[in-house]
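**Q** show me how the following folds:
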Amino acid sequence: MLPQVGFVEFMVLAIVALLVVGPRDLPKLMRRVGGLARKARGMADEFRQAFDEMGREAELGELKKELEDLKRANPLKDMESELKTLDADARAAWRDDARPLKGAVEAPVEGESPTPAEPKKTGAAGD
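**A** Next up is the predicted model:
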């Protein structure tokens, strides 16, 4: 953190500079100090801009990597293939349920006995 310079401190610095440098060279000194301050501020701005640019490039690199990962993974194609498989299985099961199996016993209708009705035998032997 930079030290804060108040009005009193500024006046003390101005008096010391006036006594040390003299009234004739003080304007030259102030221009030089202003030029150095301007250069320092410009260098700080350049550093900040370079730092921000590096951060943006790093973030952009991360975004590119994530995009490539998403392209490779492509969850929509995985879901589409899974749905096609499920659809084919369901259609096959539907077709298998629609046609009776060979040798299969049909389920009895309500009110009927589960075994086929046998002809009733009567007491006469010659029928």
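
**Q** have a look at this structure and report its longest helix.
**A** helix 26-73 (DSSP state H).

**Q** centre of the chain versus the helix or strand that it is followed by, how much separation?
**A** Counting by DSSP states H and E, the element after helix 26-73 in chain order, helix or strand, is helix 75-98. Remark: helix 75-98 is offset 30 Å from the chain centroid, using CA atoms, centre = their mean, to the nearest Å.

**Q** can you report phi and psi for D25?
**A** Main-chain dihedrals, D25, degrees, to the nearest 10: phi -100, psi -10.

**Q** do the same with R24
**A** phi -80, psi -40.

**Q** residues contacting it?
**A** R24 makes no contacts at all, as judged by CB atoms under 8 Å, 6 or more residues apart in numbering. Bear in mind the C-beta positions are built from the backbone N, C-alpha and C, glycine included.

**Q** give me the distance between it and L18.
**A** According to CB to CB, to the nearest Å, R24 and L18 sit 11 Å apart.

**Q** how about A37?
**A** 19 Å.

**Q** export the worst-scoring helix or strand of the chain on mean pLDDT as PDB, just CAs?
**A** Sorted by mean pLDDT, DSSP states H and E, the helices and strands of the chain end with helix 75-98, the least confident at a mean of 82. Provided in PDB are the C-alpha atoms of helix 75-98 (Å, rounded to 0.1, in the frame of the first residue of the first chain):
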ATOM      1  CA  PRO A  75     -23.700 -37.200 -25.800                       C
ATOM      2  CA  LEU A  76     -26.500 -36.600 -28.400                       C
ATOM      3  CA  LYS A  77     -25.100 -39.300 -30.700                       C
ATOM      4  CA  ASP A  78     -24.700 -41.700 -27.700                       C
ATOM      5  CA  MET A  79     -28.300 -41.100 -26.800                       C
ATOM      6  CA  GLU A  80     -29.500 -41.500 -30.400                       C
ATOM      7  CA  SER A  81     -27.700 -44.800 -30.800                       C
ATOM      8  CA  GLU A  82     -29.200 -46.000 -27.400                       C
ATOM      9  CA  LEU A  83     -32.700 -44.900 -28.500                       C
ATOM     10  CA  LYS A  84     -32.300 -46.800 -31.800                       C
ATOM     11  CA  THR A  85     -31.200 -49.900 -29.900                       C
ATOM     12  CA  LEU A  86     -34.200 -49.600 -27.600                       C
ATOM     13  CA  ASP A  87     -36.500 -49.000 -30.500                       C
ATOM     14  CA  ALA A  88     -35.300 -52.100 -32.300                       C
ATOM     15  CA  ASP A  89     -35.600 -54.200 -29.200                       C
ATOM     16  CA  ALA A  90     -39.100 -53.000 -28.600                       C
ATOM     17  CA  ARG A  91     -40.200 -53.700 -32.200                       C
ATOM     18  CA  ALA A  92     -38.700 -57.200 -32.000                       C
ATOM     19  CA  ALA A  93     -40.500 -57.900 -28.700                       C
ATOM     20  CA  TRP A  94     -43.800 -56.500 -30.200                       C
ATOM     21  CA  ARG A  95     -43.400 -58.800 -33.200                       C
ATOM     22  CA  ASP A  96     -42.600 -61.800 -31.000                       C
ATOM     23  CA  ASP A  97     -45.700 -61.100 -28.800                       C
ATOM     24  CA  ALA A  98     -47.900 -60.700 -31.900                       C
END
